[in-house]
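Asker: only geometry, no sequence info:
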């Protein structure tokens, strides 16, 4: 009769990682800083202001419907504010980096 030997299965580790790295989890950080989120908040505030300016041309009175869209704030200024917010401020908020000295590793 043949002897049955117990085989022990070992868990395979990924190549290039140590046990401490696996226990502590991945090491990563959010690439956006506090200044980026402040710029996002300012962009959101400018967008809200732009839509509020655009809403000044809306009326429920049918007699004044044609008259209200002659409002220069709703026709010219509000779209310019929105274009600045969407095309300048939001990309600036994403791409803004602090100038830091390169660290020696």
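Answerer: Structure received. These numbers were taken from a predicted model, which means no experiment stands behind them.

Asker: From here on, just use CA atoms for contacts and neighbour counts.
Answerer: Will do.

Asker: What are the contacting residues of the strand or helix carrying residue 47?
Answerer: For residue 47, the host element (DSSP states H and E) is helix 34-54. Helix 34-54 has contacts (CA atoms under 8 Å, 6 or more residues apart in numbering) with 73-75, 77-79, 81-82, 85-86, 89-90, 92-94, 96.

Asker: Which ones among those residues lie within helices?
Answerer: Under the assignment DSSP state H, these contribute 78, 79, 81, 82, 90, 92, 93, 94 to helices.

Asker: how close does the third one sit to residue 38?
Answerer: Put plainly, it is residue 81. 18 Å (CA to CA, to the nearest Å).

Asker: Likewise for residue 86?
Answerer: Residue 86 sits 15 Å away from residue 38, going by CA to CA.

Asker: between the two, which one's more packed in?
Answerer: residue 86 (16 against 12; other CA atoms under 10 Å).

Asker: where in the chain is pLDDT low?
Answerer: By pLDDT under 70, the low-scoring segments of the chain are 1-25, 58-70, 101-105.

Asker: buried stuff in the helix holding residue 47?
Answerer: Neighbour-count burial for helix 34-54, counted by 16 or more other CA atoms under 10 Å, picks out 36, 39, 40, 42, 43, 44, 46, 47, 49, 50, 53, 54.

Asker: Equivalent analysis for stretch 73-83, please.
Answerer: For stretch 73-83, using 16+ other CA under 10 Å, the buried residues are 73, 74, 75, 78, 79, 81, 82.

Asker: any idea which of those is the one closest to residue 30?
Answerer: residue 82 (27.8 Å; CA to CA).

Asker: List the residues that contact the closest one.
Answerer: Counted by CA under 8 Å, 6+ apart, residue 82 has contacts 46, 47, 50, 51.
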